[in-house]
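Peer 1: I would like the atomic coordinates for the input below:
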Amino acid sequence: MRKRLLYLFFLFVVQITFAQSNLLWQGYFSYTQIKAVSESPKAIYAASENALFSKDNSTSIIKTTTTIDGLAGETITALYYSPAFNKTIIGYQNGLLTVINEADGSMLRVVDIINKSLPANIKRINHFMEYNGIVYVSTDFGIVQFNLTTQKFGDTYFIGDNGAEIKVSQTAVHSGFIYASTSNGIRKGDITNPNLIDYKQWNVTTAGNWSGITSFGTELYAVNTAGYVHKYDSASNTFSSFLQLSEPAVNFRSNADYLIITIPNSVLIYNKQMVLQRQINQNQITEMHGGFSCASVIGDTIFMGTNEKGLLTASLSGSSAFDNITPIGPSRNNIFALQASQNQIWTVYGDYDIFYNPYDLDDFGISKYSTSGWLNIPFAEVLGAKSMTRIAINPANEKEVYASSYFSGLLKIQSDIPTILYNQNNSSLESLTISPPDPSYIDIRIGGTVFDKSGNLWVNNSRVVNGLKMLSSGGQWKTYAMDKIINTPGSNDFGTMVIDKYGTKWMSTNINGVIAFNESSNTFKKMTFGANQGNLPVQDVRALAVDTKNQLWIGTTKGLRVLTNVNSFQTESQLTAESIIIMEDNLAQELLYEQFITDIEVDGANEKWIATADAGVFMVSSNGQETKYHFTTENSPLPSNAINDISINKSTGEVFIATSKGLISFKGIATSASDNLNNVYVYPNPVRPEYTGTVKINGLLNKANVKITDVAGNLVFEAISEGGTIEWDTTAFGKYKVASGVYMIFVSAQDGSETKVKKVMIIR
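Peer 2: Okay, the predicted model is just below:
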């Protein structure tokens with residue numbers, strides 16, 4: 001129990017740390033799918049799926065705000081900046097409301113709507129309208145008041161028939177009345193009426209389903225879901241048809257000078273005389289797909305939100321030039337898989353469902369991150385490769401990258417340029433067959449790929465009889481017969497693949513558990529469900545990892561297993577995995593019991609980072625007996641608990657975590673051990689008074705002995721490295737902070753064959 005309390009205390013401390021500093025975390029979010037915009041006289045504010053950015057029009061400085069800074073990872077549906085209060089308000093699909101004080105960056109999460117006793121699917125926030133310091137929040141159930149001074153909710157207006165919930169898309173104040181566009185008519189009430197909580201105080205002016213309403217100058221305009229703009233006639237208290245749009249509106253707003261209507265294919269700007277001053281169509285913009293989502297105008301600049309290209313600008317006066325002011329990031333947030341090497345990260349966005357079904361097929365392209373920033377290669381340049389789901393970087397040549405397509409084959413990328421799409425015509429890769437047979441149907445599903453020490457690329461080809469392929473370093477293809485080991489090959493899907501130090505290939509499958517192959521003996525073996533057939537909890541395996549102690553870690557859709565020695569492949573006819581039993585509250589329990597595990601990665605200290613489908617990320621000790629971290633949306637900047645993939649930069653220890661709602665990284669210290677002590681370095685150095693972190697000694701051999709003394713030779717620290725890095729908390733064996741001065745760091749190999757001496761200066 002004490003261990004559990006210490007762990008909970010640790011998470012509490014971590015949570016405080018995240019709130020105060022983002023040094024441990026880095027965000028790599030996409031800003032291409034714009035959900036909402038707002039504006040001040042000096043800046044434009046834009047919301048993507050779950051992140052914000054703003055651009056100061058006088059300085060051109062772009063500021064981003066993500067979960068690293070404290071935002072929720074939920075989907076944003078509304079955005080409003082209040083010039084009077086200098087606050088930005090964010091509304092979410094689940095009803096969460098976040099207020100950012102722009103003066104100091106502080107954030108307030110308001111959960112009143114989430115906590116309302118209403119169905120979860122009607123809590124979406126649709127729009128904000130400020131009037132006399134009160135923000136009227138339009139939701140899928142009605143209208144809620146939010147006081148910007150007290151930052152608390154006030155009355156809730158259920159204005160449907162007989163006080164029922166009703167979807168309110170937008171509100172506007174006009175001539176002393178508040179008007180609401182709803183799914184069942186435009187309704188209005190006296191804005192000064194203190195009893196608007198009574199649905200009887202609201203009158204229906206016009207029937208129908210309405211998507212927006214706004215006050216523009218002395219007039220009031222509304223648009224219905226069919227795309228007809230109506231103008232309000234105060235004399236008859238009705239709305240009459242004024243303008244027909246070519247498509248239903250997706251955004252309807254006004255400012256002091258313009259009425260701005262956004263439809264999927266166009267942005268329409270009307271002046272005070274309701275003359276169309278500028279129309280921008282999707283086909284005017286190069287490689288524009290997906291349509292517009294919203295727009296606004298500041299001065300002479302039109303800001304246009306899109307569903308795929310981020311935030312674009314154009315001149316209101318008519319210049320044909322378009323600029324993209326979107327912060328650089330990956331092309332999408334839902335990264336399905338990634339692979340990190342020493343100097344780069346590659347990401348893919350294609351996917352398949354829990355049953356390995358890739359349909360509907362994706363055409364999202366591929367992305368790379370390096371010190372130069374993000375490179376997004378669009379679908380038009382990937383030679384037709386759809387639904388790319390895995391990445392392999394050649395460890396001997398980082399410029400050579402392969403992307404697995406779960407429909408089109410295997411894409412080779414050389415020096416950032418897609419060069420070859422291997423398929424049934426130019427390789428040994430095979431298409432699955434359908435019933436009845438159709439020779440014109442080509443569907444080549446490639447799963448895991450991995451390089452061996454000789455530079456050969458091993459490839460999994462799903463739903464064919466002989467699904468293990470090899471592309472040699474010389475460019476020749478080879479197929480290995482698997483018909484004796486795989487049951488129902490036409491239904492077998494491969495996931496990931498790893499190679500151990502003995503050259504055995506370990507493959508995850510959905511109906512055959514783990515399949516292993518060693519080419520030296522040309523032998524296949526299998527572990528699957530059942531005590532006598534491998535002891536897996538289920539035959540559906542999704543993740544594999546070989547650690548530094550030659551153990552195979554196996555992640556399934558129903559929990560975790562470990563094969564204690566991969567070399568048992570050579571001696572055992574039936575490979576058998578074991579569960580890891582831990583003590584929790586003095587009870588023996590199975591580690592990650594029943595968890596859907598999506599990935600397992602081993603860091604430089606042989607610790608395991610385990611991704612789950614809905615419970616976040618676990619980091620456990622090398623033997624699994626201690627859970628060192630359990631990161632979720634509640635205690636970390638994770639934007640989602642649905643973890644798609646993890647990859648670790650073994651040189652820096654940075655752990656990249658791909659979730660369903662964005663990519664972030666945790667800056668760990670567990671780096672891979674070096675081959676010698678030639679590159680040992682210490683950072684930070686010097687350690688200045690304001691620094692509160694630890695000193696890292698990097699570039700170590702595994703099991704290296706590290707001793708730290710003061711200049712008089714007094715020992716203050718000693719440790720044995722696990723991997724390539726250790727930390728020193730600048731204390732004398734944890735008792736007290738050491739004084740200012742120079743400290744000597746003596747490093748020696750386990751066998752004493754190599755030594756290195758470094759210095760670090762401490763300034764208190």
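Peer 1: Show me the helices in the stretch 551-700 of the chain, by range?
Peer 2: Counting by DSSP state H, counting those that start in this stretch, the stretch 551-700 of the chain forms no helices at all.
Peer 1: Strands of that one, start to end?
Peer 2: For the stretch 551-700 of the chain, the strands defined by DSSP state E, counting those that start in this stretch cover 552-556, 559-563, 581-584, 587-590, 597-602, 608-612, 617-620, 627-631, 643-648, 654-659, 662-667, 681-683, 695-698.
Peer 1: ok, now the stretch 151-300 of the chain?
Peer 2: Going by DSSP E, counting those that start in this stretch, the stretch 151-300 of the chain shows strands at 152-157, 168-174, 177-182, 185-190, 203-206, 210-216, 219-224, 228-233, 238-244, 251-254, 259-263, 266-270, 276-281, 292-298.
Peer 1: Could you export those as JSON lines, including mean neighbour count and mean pLDDT?
Peer 2: Backbone N, C-alpha and C define where each C-beta goes, glycine included. Below are these laid out as JSON lines (neighbours: other CB atoms under 10 Å; pLDDT from 0 to 100):
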{"stretch": "strand 152-157", "mean neighbour count": "16", "mean pLDDT": "96"}
{"stretch": "strand 168-174", "mean neighbour count": "23", "mean pLDDT": "98"}
{"stretch": "strand 177-182", "mean neighbour count": "26", "mean pLDDT": "98"}
{"stretch": "strand 185-190", "mean neighbour count": "22", "mean pLDDT": "97"}
{"stretch": "strand 203-206", "mean neighbour count": "16", "mean pLDDT": "96"}
{"stretch": "strand 210-216", "mean neighbour count": "23", "mean pLDDT": "98"}
{"stretch": "strand 219-224", "mean neighbour count": "24", "mean pLDDT": "98"}
{"stretch": "strand 228-233", "mean neighbour count": "19", "mean pLDDT": "97"}
{"stretch": "strand 238-244", "mean neighbour count": "14", "mean pLDDT": "95"}
{"stretch": "strand 251-254", "mean neighbour count": "23", "mean pLDDT": "98"}
{"stretch": "strand 259-263", "mean neighbour count": "25", "mean pLDDT": "98"}
{"stretch": "strand 266-270", "mean neighbour count": "22", "mean pLDDT": "97"}
{"stretch": "strand 276-281", "mean neighbour count": "16", "mean pLDDT": "95"}
{"stretch": "strand 292-298", "mean neighbour count": "23", "mean pLDDT": "97"}
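Peer 1: Generate TSV for those, with distance to residue 671 as supplementary columns.
Peer 2: Converted to TSV, the strands of the stretch 151-300 of the chain look like this (distance: least, CB to CB, whole Å):
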stretch	distance to residue 671
strand 152-157	48
strand 168-174	52
strand 177-182	57
strand 185-190	62
strand 203-206	66
strand 210-216	54
strand 219-224	57
strand 228-233	61
strand 238-244	63
strand 251-254	48
strand 259-263	49
strand 266-270	49
strand 276-281	50
strand 292-298	42
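Peer 1: And the strands of the stretch 551-700 of the chain: which comes nearest residue 233?
Peer 2: strand 662-667 (47.3 Å; CB to CB).
Peer 1: Wait, residue 631 touches residue 666, no?
Peer 2: Yes - using CB atoms under 8 Å, residue 631 is in contact with residue 666, at 7.4 Å.
Peer 1: Now the phi/psi pair for residue 380, please.
Peer 2: phi -60, psi -20 (degrees, to the nearest 10).
Peer 1: Please apply the same query to residue 413.
Peer 2: Main-chain dihedrals, residue 413, degrees, to the nearest 10: phi -120, psi 120.
Peer 1: how about residue 238, what does it touch?
Peer 2: Residues near residue 238 by CB atoms under 8 Å, 6 or more residues apart in numbering: 205, 206, 232.
Peer 1: do that again at 10 Å, thanks
Peer 2: 186, 205, 206, 230, 231, 232 (CB atoms under 10 Å, 6 or more residues apart in numbering).
Peer 1: Return the member of those nearest to residue 110.
Peer 2: Of all the contacts of residue 238, residue 110 sits closest to residue 186, with 27.9 Å by CB to CB.
Peer 1: Was I right to think the closest one contacts residue 214?
Peer 2: No - using CB atoms under 10 Å, residue 186 is not in contact with residue 214; the gap is 12.0 Å.
Peer 1: so what sits against both of these two?
Peer 2: 172, 179, 220, 222.
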